[in-house]
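[1] okay, predicted coordinates and the sequence, questions at the end:
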There are 2 protein chains.
Amino acid sequence: MSTRPTLAAVAACAGVSPSTASLVFSGSPRVTPSTRERVLAAAATLGYAGPDPLAASLRRGRSGVIGAFVGERLLYAFRDPVAVQLLDGITEVLGPHGVGLLLLAGDTGRPSTEQIGRIPLDAAIFATCGLEDDPALDQLRARGVPLVVVEGPVLDGVVLIDIDDRRGTRELARHLHDLGHRRVEVLTMPLRLDGRRGPIDGARRARAHYRDVRHRLEGVEDVFGPVPAVEAASNAVDEGTAAGRALLDVPAHRRPTAVIAHSDMLAAGVLQAAADLGLRVPEDVSVAGFDGADLHWLGDTRLTTVVQPTDEKGRAAAQAAMDLVAGGSPRDLTLPVTLRIGTTSGPAPS
Amino acid sequence: MSTRPTLAAVAACAGVSPSTASLVFSGSPRVTPSTRERVLAAAATLGYAGPDPLAASLRRGRSGVIGAFVGERLLYAFRDPVAVQLLDGITEVLGPHGVGLLLLAGDTGRPSTEQIGRIPLDAAIFATCGLEDDPALDQLRARGVPLVVVEGPVLDGVVLIDIDDRRGTRELARHLHDLGHRRVEVLTMPLRLDGRRGPIDGARRARAHYRDVRHRLEGVEDVFGPVPAVEAASNAVDEGTAAGRALLDVPAHRRPTAVIAHSDMLAAGVLQAAADLGLRVPEDVSVAGFDGADLHWLGDTRLTTVVQPTDEKGRAAAQAAMDLVAGGSPRDLTLPVTLRIGTTSGPAPS
DNA sequence: TGCTCCTGTCGAATCGATTCGATCGCCGTC
DNA sequence: GACGGCGATCGAATCGATTCGACAGGAGCA
C-alpha cells in the first residue's frame, strides 16, 4: 500500500527471475505461455500495472517524449490556426509511435531555461518560433538533444523543415502585378516579439528574428521592387484590422490598390478594416494572405492566398524528429506552396 | 564524442567525488566556491551540459511532466477556445514550477493505451474529456498516477475541478423565463463522442458520457420543466449552424422563441443559422450560449451567455496536480459561474 | 546412448544521478 | 594542548527496469 510493487517483487511472487518477468512485460515471444501467465497472475495479485516508465526510460536511454516549442504563450499561439494544424500534423505522426508531445511555451518571461534542463526529451521541434538566437535552442544543442526547426534558422546539425516562402509571395505578387496593381503595401507578421507595430525601416528589418518573414517580403520585392511594409505586433485578426485601417483610411490617390498580408489571420483583419471603411473588395482594394488556413467565419469570401502544406510540414517535422531519435540523419526539406486565387483579388482600380 | 560525458566523468576530471559534483549542479550552498568553480570548469572542458534528466528523474521519483488529456484530435480540440484557455491556465501554473505539459490526444482510434504506459507522468489532468469510463483513466489509476479531472466523473481518489453548470443554466433559463419565453429548445454538446446528432430521447440521455452536459440540461429544466433538446455531433460552429437551421426553419408558431446552446461556439452557429433564415435576434428569436468565450468574429453582437472562469479552472487543476505530486491531498473544487446578458436575448415575440 | 542444437530462464552488469550518514580536517575555546 | 563543534567532502546504497551472455535441460539425430 505504501509503495508500489516493483518488477522484482512480481518476479519473486511468481517464482521467476526479474529478467524473465521483464521479458513478459515487454511482450517477448521467447517466454513460455505458462510462465507468462504465472507472472501476469502475480502482477494482478500485487496490483502491479507494468514497468515504471522512468526506470525503463533510463535503461533504454529514451523517454518517449518529444518537445514542441511554440514561441508565445499558449493562449496566443493557439489562436493561430496554422500553429494548431502544425501541431496536429506532429501528433499525427508521433501518436502511433507511442511518443508523447510536450508543449513548451515561452510564456512567462524567462523561457524557463531551468525547465528545459530538467525535462527528459528525446528530441525537440521548434514549431512556431524560429528565433535565430533562442537560448533554449542553444541549451538543447549543448545537451545533445536532436533538434528540428520549422521555418527556423539554418544551424549545423539541426534539421530544417521549410516552405518556399519566397517563391510563394513572388507568385502572389506576380498575380497582382498582372492585374495591374502598382501601389502595393505589405503587412508583415512580427519581425521580433517585442510588441512593436508600424512601418518597417531598414534598421528594424535588419534586426528581424524570423527568416520566413524576410522571405515573404523578398518574394514581393522580386516583382515590385522595394515596397512599403508595415509590421503587426502579433499574428491576430484584430492586429490586421488595426493595421488595415491605418493603411486604407487615407485619400484614395494615396491608398494602396492591394494589400499583401503575411498571414490569412492578418488578411482577415484587413478585410474587416476595408468593410468598416466602406471599401469594396476587390473593386476598391485587393487583399491577399498567406497560409491557406480555412477561416470559417469569412463566410463566402474566399481569400486570395498562398497555400502552404501545414499539416505536411508538421508530419515532416515529426518524422524527422523520429528519425533523429532512431539514430538516422534526415535531410533538410523545403515544401512547395501554391497560389490560390480567391475572390479578394481583382483588377487594380483605375 | 561518441557518448555524452557523465557526472562521474566530470567529477573525476575535477578531482572530486560524484556526490560533490552533484551538489554543485543542484546548486547547493554547502559547497566551497573554489570547488564549485573547479567542477564547472571540468564540465565546460568535457562539454557536460548538466545532469541527465532521465537519471535524475528516476532517482527523484519525479519526471517533471504532467499529462493533459484532450478528448479529441488536437485539430478539433483546439478549435474550441475554452479548451485552449483551459490549457493556457494550466501552463500558467506549471511553467514557473519548471514542469512540462504533455498533450495526450485520443486521436488515432485506439487511445494509445500503449503510449500511456510508456510515458513518465507525475500526474495527469483530464482536461476536456470527462468520460466516465475512459480506459486511459483506469490505466493511470492502476499505475498510481495522481489524477485531476476537469468537469469529469466523480471517482475515488481523483480530484475534481468543477463549475456550477446547473446553477448557471438555471439562472440563464430564469432570465429567459422572465422575458416571457415559454417555447425554449436546448442545443447540447455531444453526449458521447460517436458523431451522433439530432433530438435526444430518454435512452440516449441515460447513456450520456459527460456530466457537464447533463447538468446544463438539468439547469434549464429546473425552470422550464422538460424541454426538447437536440444534440450536436461536436462543439463546432458549423454544427451549431446545422442544428440551428433545423430548429428554426419551421413555421413560426412551432418555432422556439429561444434557443439555449450549451456552448458559445454552438450559439454562434445558431446565430448564423438565424441570419441565414432572415430571423432577427433577439426580436424573432433569442439565443444564449455558455462559456463566455470571446468569439471575436461576432463583431458587435454580444452573446447572452453563462460565463465560466475557464482560466481559473485551468489554474486550479494545475495547482491540484502540483499538490498531488507534492504529496498533498487537495480538495475538490466547484467554481462559480455568472450570467452575462448580452444583445442576443430579449422579450419573447408575442 | 551420446552428442548437438535449440529454447526458455537466470545472473549480473548497467543506465546516471541523488542523498544520507559518515568522515576528515580545521578552528575556536577552555 | 586537547577537545568539542562545525562545515565541506566523500562512500555507498538506491531508484527500477533492461539486456547480454551464460546455462541447463530436453528434443532430435546418428
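    Arrived safely. Numbers count the residues shown, from 1 in each chain, chains lettered A, B, ... in the order given.
[2] okay, now the unreliable bits of the stretch 1-150 of chain A?
    A:1-2, A:106-112, A:114, A:129-133 (pLDDT under 70).
[3] spell out which parts of it neighbour DNA strand C.
    Within the stretch 1-150 of chain A, the positions near DNA strand C by C-beta under 7 Å from any atom of the strand are A:15-20, A:23, A:30-32, A:34-35, A:55, A:58-59, A:61. From N, CA and C alone the C-beta is placed, and that goes for glycine too.
[4] buried subset of those residues?
    Buried members of these, scored by 16 or more other C-beta atoms under 10 Å in any protein chain shown, are A:Val16, A:Thr20, A:Leu23, A:Val31, A:Thr35, A:Leu58.
[5] in what helix or strand does the nearest residue to A:Ala246 once chain neighbours are set aside lie?
    Among residues not flanking A:Ala246 along the chain, A:Val230 sits closest, at 7.2 Å (C-beta to C-beta, 6 or more residues apart in numbering or on different chains). Per DSSP states H and E: A:Val230 is located in strand A:229-231.
[6] show the subsequent helix or strand relative to that strand.
    According to DSSP H and E, the helix or strand after strand A:229-231 is helix A:237-248.
[7] in its sheet, what does whichever helix or strand comes after that next one sit against?
    Sequence-wise, the next helix or strand downstream of helix A:237-248 (DSSP H and E) is strand A:258-261. Strand A:258-261 pairs in its sheet with strand A:184-188 (parallel), strand A:286-288 (parallel), by DSSP bridges.
[8] could you list the residues in contact with strand A:258-261?
    Outside strand A:258-261, the residues that touch it by C-beta atoms under 8 Å, 6 or more residues apart in numbering or on different chains are A:169, A:172-173, A:176, A:179, A:181, A:183-187, A:220, A:240, A:244, A:247-248, A:267, A:269-270, A:285-290, A:345, A:348.
[9] list buried residues within these.
    A:169, A:172-173, A:176, A:179, A:181, A:184-187, A:220, A:240, A:244, A:247-248, A:267, A:269-270, A:285-290, A:345, A:348.
[10] residue in the stretch 51-200 of chain A nearest to DNA strand C?
    With C-beta to the nearest atom of the strand as the measure, A:Arg59 is the residue of the stretch 51-200 of chain A nearest to DNA strand C, at 3.8 Å.
[11] wait, A:His177 sits on A:Glu221?
    No. With contacts defined as C-beta atoms under 8 Å, A:His177 does not count as touching A:Glu221, sitting 11.9 Å away.
[12] overlap in contacts, those two.
    Between them, A:His177 and A:Glu221 share no contacting residue, judged by C-beta under 8 Å, 6+ apart.
[13] what parts of chain A come near DNA strand D?
    A:3-4, A:6-8, A:18-19, A:22-23, A:25-26, A:48, A:51-52, A:54-56, A:58-60.
[14] from these, which would you call buried?
    Buried among the residues of chain A next to DNA strand D by 16+ other C-beta under 10 Å: A:Thr6, A:Leu7, A:Ser22, A:Leu23, A:Phe25, A:Tyr48, A:Pro51, A:Asp52, A:Leu54, A:Ala56, A:Leu58.
[15] the last one contacts B:Leu54, correct?
    Yes. At 4.7 Å, A:Leu58 counts as touching B:Leu54 under the criterion of C-beta under 8 Å.
[16] rewinding a little: pairing partners for the strand holding A:Val230, with directions?
    Here, using DSSP bridges, strand A:229-231 pairs with strand A:184-188 (parallel), strand A:198-199 (antiparallel).
[17] dump those to JSON lines, plus mean pLDDT and distance to A:Leu324.
    Converted to JSON lines, the strands paired with strand A:229-231 look like this (pLDDT from 0 to 100; distance: least, C-beta to C-beta, whole Å):
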{"stretch": "strand A:184-188", "mean pLDDT": "97", "distance to A:Leu324": "32"}
{"stretch": "strand A:198-199", "mean pLDDT": "94", "distance to A:Leu324": "40"}
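[18] kind regards, and thank you for your time.
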